[in-house]
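Participant: Sharing a model prediction with you, sequence too.
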Amino acid sequence: MNKWVSFFAPYFPDPPSGEDFVNQCESLTPLAANYKAKIMMHQTQRLVSIGDDLPRLRPNRESLQLLFLMICVEHISKLHDNFIGEGQSKKYVKRFFDNFISQSNKEKLGTTFIDKTALLMTALGFEKVVDLLYAVRCDVVHEGKYWGFSFHDGHTPMVNLDPDVSVHLTFLELRDIIVKGCINAIKDKLKS
């Protein structure tokens, strides 16, 4: 229980709220109609934590960390939708971002990735950022390309060449946006 509580508690207004969330999920049995909420909670912690651990193995390879966030996003979206089968990764990644990310975080994502190819260097916008994140995921999965994409380092925006964007968002900020989205999906599944 401690690993679940310590992972999720920072996303709640107070420690008891985080504990209540975990307890509500943990109390579900396989016979419960909303049992998948428990699996979603476990998988969120597991997949995001793998991404957290990667810098010890491959420092400065944020594309690898992003891969595990995107695996989490896809998996949570498929579990929420009771999807059985293979494929449709992009559809479910988009579904997650559309349905479970708050409007303020959608705006944050849309304004923190700057298109360097545009004459006036404009923000990509939410939908294009989701496409970009998915494309980086695909580069890692299908091409083995786990270098070359970086997030803001906390001091300076990161200039990337492929895709040609300047990123004004840290990896930890993206991580938090995704974990909050996972919590929204889990809470929604708890209601069913």
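Facilitator: Sure, I can see it. Residues are numbered from 1 along each chain as shown.
Participant: average pLDDT across stretch 64-78?
Facilitator: Per-residue pLDDT over stretch 64-78 has a mean of 97.
Participant: So in the chain, where's the weakest helix or strand by average pLDDT?
Facilitator: Using mean pLDDT, DSSP states H and E, strand 158-159 stands out as the lowest-scoring helix or strand of the chain, at a mean of 84.
Participant: Listing partners with orientation, what would you give for that one?
Facilitator: strand 165-167 (antiparallel) (DSSP bridges).
Participant: Can you give me the buried ones in the helix or strand that the partner strand is followed by?
Facilitator: Moving toward the C-terminus from strand 165-167, the next helix or strand (DSSP states H and E) is helix 171-191. Within helix 171-191, the residues that qualify as buried are 171, 173-175, 177-179, 181-186, 189-190, counting by 16 or more other C-beta atoms under 10 Å. In short, each C-beta sits where N, CA and C put it, glycine included.
Participant: about what we covered before: what's next to the least confident helix or strand of the chain, contact-wise?
Facilitator: 116, 150-152, 166-167 (C-beta atoms under 8 Å, 6 or more residues apart in numbering).
Participant: closest to F68 among the residues you listed?
Facilitator: Nearest to F68 out of these is F151 (C-beta to C-beta; 14.1 Å).
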